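Q: Need coordinates for the below:
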Amino acid sequence: MKRLVETEEKTLESLIGENVLLMCANYFYSGKLTGVNETCVELTDPHIVYETGAWGNKTYQDAQKMHTPKWYVSLTAIESFGLGK
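A: Residues are numbered from 1 along each chain as shown. Alright, predicted model coming up:
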């Protein structure tokens, strides 16, 4: 039997204002999600995450702060996303 089940769907827009981790085609990015439009997302205090380490850790093992206060990631590059550390 199929049933309709209500879920709390997470979209990028629903995470605005949160620290997120974006798993992309080539790199992982972390930062505060401060904007979303039809082509890209805006991260404030952006980092490239080269090594996450154990998922249960409170911080990433190797996250390098980027040279600018904002960074933009193309939506087409994002494979998955969620709350960050």
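Q: what are the ranges of the strands in the chain?
A: Remark: strands assigned in the chain by DSSP state E are 19-24, 28-36, 40-51, 62-65, 70-74, 78-83.
Q: Quick one: closest of the ones you listed to residue 11.
A: strand 28-36 (8.5 Å; Cβ to Cβ). Every residue, glycine included, has its C-beta placed from N, CA and C.
Q: Could you list the buried residues of the closest one?
A: 28, 29, 30, 31, 32, 33, 36 (16 or more other Cβ atoms under 10 Å).
Q: Show me what it packs onto, helices and strands only.
A: The helices and strands touching strand 28-36, judged by 3 or more Cβ pairs under 8 Å, 6 or more residues apart in numbering; DSSP states H and E, are strand 19-24, strand 40-51, strand 70-74.
Q: Which elements pack onto the shortest one?
A: Under the contact definition 3+ Cβ pairs under 8 Å, 6+ apart, strand 70-74 sits against strand 28-36, strand 40-51.
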